[in-house]
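Peer 1: Build me a model:
(chains A and B)
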Amino acid sequence: MPADPAQPASPPAARLDREPTGAVLRLSGAWRLASLAAIERELTALTLPPHVSIDGTALVDIDTASALILLNHLKEAGIDVHQLPLAGFAANDARIVEQVRKRLDEVTTAMPHRQEGLLAHIGRETMSIIELLTGHLNFLGQTLVQMVRSLVKPATIRGRELTAQFEQVCLNAIPVVALVTLLIGVVVAYLLGLQAEKYGANIFVVDGVGIGATREFAPIIVAVIVAGRSGAAFTAQLGSMRLNEETDAIRTLGLSPMDVLVLPRVFALMAAMPLLVFVGDVMSLAGAMMIADPMLDITPTTFLARLQENLAIKHVYVGLAKAPVFALFIAVIGCRMGMNVKRDTRALGIATTSTVVQSIVAVILLDAGFAVLFQELDI
Amino acid sequence: MAAPASVIEIDSIVTRFGDQMVHDGVSFDVERGTLIALIGGSGTGKSVLLREIIGLQRPTSGRIRLLGTDVWQASDDEMNATRRRFGMMFQDGALFSSLSVAENVAVPLTEHAHVPAALLDALVHLRLAQAGLGPDAAPKMPSELSGGMRKRAAIARALALEPEILFLDEPTSGLDPTTARGFDTMVRSLVDDLGITVFLVTHDLDTLLTVVDRIVVLADGKVLADGKAREVIQVDDPWIQSYFSVRTMVSGSA
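Peer 2: Here you go, the predicted structure:
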């Protein structure tokens, strides 16, 4: 029985007495979990003969952890603990020792620690990446088919869910997108300006920022923000619904999670992204205009006139055209990672992080693809 | 032994959430080495009382002494020392999902006890065996376990530091009857063989009628009945009568 640790306990001790009837290991003091280190010192100091009996007359008490260390030590010294005679133990202490004794073999059999080799690790990781990518491709295919079906029969689109998602991913994202792209516009104009000033080519900053922002910076920056904001949210929402068996409930009610959960998110994000990129275009040009006046002596009027003259509208269209494609990939990755999350809370955290990383990588790869494509098409 | 006979003392606990009165003067003591069950209808504040006893939720007024420590007056250090002397199993186990079963059980051991490294594995396996799990469960992650195994792993973690009191929140809920009876036997043996005091919140009539020493019934914010199962069954109260009548119906038809 565990005693009140508030009362001062005598330290645990073990003494080996050689008596005419055989060796006796006499235990004394309080054998408790808190003094395991002292118990181990006591035991290792003993030289044990092959046959010994144990006397617990002087024992204050013993707990299961101490009984385990005692029996384990005797076992390792080659003593058959199952035939070990116990004497003088209080009834409750004897029960505790018996409890441990009957489980001793089971608990002290060393479990083989599996150590994975480097090659096996690389192989397993590679296979899991391949599996992930083929799974994504599969899900992308399913989503596209379902999207076409919904577009043919627009009545199946869930309007309320779609607008709710649209509010989340578009309207609520405008402030952060506007702020970040404004600052990017300022920074790009400033850095270009430092170089252009040396050649007296101030006015070309407008051309540079115009093309750079609308064609590349704004779409990429917006995509990164959306991946971190909405992609992660999709995974977290769908993942926690899955943990809660809500997706299973949707299925058993005869609805398709694809229609109810995935498509509204994909459509909302694909509609939202071009709008957010447009906000990004405007704000980054505004940022450039703000810094151009004090730094490069380009007045807002001159800035706008130059922009009007020299920024071909195709650059803006290219930027806007990339947006829905980025959105599709971010939404598909976000939804699939959520729908496939393993049913535990840790997996959900990992999946959410993974969504953001995958989405950003996907966006950069797509952008590189677009760059090559538009180059070849001479756009 | 100098230790006080009562390990839990609950003294006129009042709990109010806004206008809603949950406990209106609940008092009872728990003696060392008993297996006590707290029962009551939904919303009678069983789990709230449990959380108040172990220091997770502050009662509106009243006093709770746990192993001689006044839970809501004690300093952080005193309370932390007391926390090492009891174990708690939450309803769904509350295992740390990023750690394996063995690592979960090892957490209290490595944090609070200086267990020699060589012995840690064996001690973890002993705790698992005490909770009725084999060594093959040790490397598994909590997500790979069934509900019953999760509860057992949680008990193993609660037992890690040789607690004097073990609190169990609905230990047999969601388990099949065979597993549940195995659970009862295991809990009973913790009380009989190791002298642990077990305090459980349950709805399981089989547990109540077979292994429990004492039942405390909460109703309308007060202790409605308190005693051995056969005494509690006799109490003339509609709720208690209907609660235990399910049992009589089944055995009557058999």
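Peer 1: CA atoms only for stretch B:76-84 - export them in PDB, please.
Peer 2: This file holds the C-alpha atoms of stretch B:76-84, laid out as PDB (Å, rounded to 0.1, in the frame of the first residue of the first chain):
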ATOM      1  CA  ASP B  76       1.500  25.700  -7.500                       C
ATOM      2  CA  ASP B  77       4.400  23.700  -6.000                       C
ATOM      3  CA  GLU B  78       2.200  21.900  -3.500                       C
ATOM      4  CA  MET B  79      -0.400  21.100  -6.100                       C
ATOM      5  CA  ASN B  80       2.200  19.800  -8.500                       C
ATOM      6  CA  ALA B  81       3.500  17.500  -5.800                       C
ATOM      7  CA  THR B  82       0.000  16.300  -5.300                       C
ATOM      8  CA  ARG B  83      -0.500  15.800  -9.000                       C
ATOM      9  CA  ARG B  84       2.300  13.200  -9.000                       C
END
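Peer 1: quick one: average confidence on that stretch?
Peer 2: Average pLDDT, stretch B:76-84: 87.
Peer 1: leaving aside the residues next to it on the chain, what's closest to the residue of the stretch 51-200 of chain A found nearest chain B?
Peer 2: Residue of the stretch 51-200 of chain A nearest chain B, by C-beta to the nearest C-beta: residue A:107 (3.6 Å). For every residue, glycine as well, the C-beta is placed using N, CA and C. Closest residue to residue A:107 apart from its sequence neighbours, by C-beta to C-beta, 6 or more residues apart in numbering or on different chains: residue B:125 at 3.6 Å.
Peer 1: The one you found reaches residue B:139, doesn't it?
Peer 2: No: using C-beta atoms under 8 Å, residue B:125 is not in contact with residue B:139; the gap is 11.3 Å.
Peer 1: These two: which has the busier surroundings?
Peer 2: Counted by other C-beta atoms under 10 Å in any protein chain shown, residue B:125 and residue B:139 do not tie: residue B:125 has more neighbours, with 27 against 15.
Peer 1: give the contact list for that one.
Peer 2: Residues near residue B:125 by C-beta atoms under 8 Å, 6 or more residues apart in numbering or on different chains: A:106, A:107, A:108, A:111, B:102, B:135, B:138.
Peer 1: Identify the residue spatially nearest to the first one, adjacent ones excluded.
Peer 2: What sits nearest to residue A:106 in space, not counting adjacent residues and going by C-beta to C-beta, 6+ apart, is residue B:129, at 5.7 Å.
Peer 1: the helices in the stretch 1-150 of chain B, which residues?
Peer 2: B:46-53, B:76-83, B:101-112, B:117-130, B:147-159 (DSSP state H, counting those that start in this stretch).
Peer 1: For residue A:375, find the nearest of the ones you listed.
Peer 2: helix B:101-112 (53.4 Å; C-beta to C-beta).
Peer 1: so what does that closest one touch, helix or strand wise?
Peer 2: The contact analysis (3 or more C-beta pairs under 8 Å, 6 or more residues apart in numbering or on different chains; DSSP states H and E) places helix B:101-112 against helix B:117-130, helix B:147-159.
Peer 1: Show me what from the stretch 251-379 of chain A comes close to chain B.
Peer 2: Listed as neighbours of chain B in the stretch 251-379 of chain A under the rule C-beta under 8 Å from any C-beta of the partner chain: A:342, A:343, A:344, A:345, A:346, A:347.
Peer 1: Mark which of the residues you listed are part of helices, please.
Peer 2: Among those, the subset assigned to helices under DSSP state H consists of A:345, A:346, A:347.
Peer 1: count of residues packed around the nearest residue to the last one once chain neighbours are set aside?
Peer 2: Translated: residue A:347. Using C-beta to C-beta, 6+ apart and skipping residues adjacent in sequence, the residue nearest residue A:347 is residue A:341, 5.2 Å away. Counted with other C-beta under 10 Å, residues neighbouring residue A:341 total 25.
Peer 1: Just after the helix or strand where residue A:139 lies, pick out the following helix or strand.
Peer 2: Element membership for residue A:139 (DSSP states H and E) is helix A:118-152. Sequence-wise, the next helix or strand beyond helix A:118-152 is helix A:159-169, with elements assigned using DSSP H and E.
Peer 1: what's the average pLDDT for that following helix?
Peer 2: Helix A:159-169 carries an average pLDDT of 92.
Peer 1: Run through the neighbouring helices and strands of the helix holding residue A:139.
Peer 2: Helix A:118-152 is packed against helix A:263-296, helix A:313-339, with contacts defined by 3+ C-beta pairs under 8 Å, 6+ apart.
Peer 1: what distance separates that helix from the centre of its chain?
Peer 2: Offset of helix A:118-152 from its chain centre (C-alpha atoms, centre = their mean, to the nearest Å): 19 Å.
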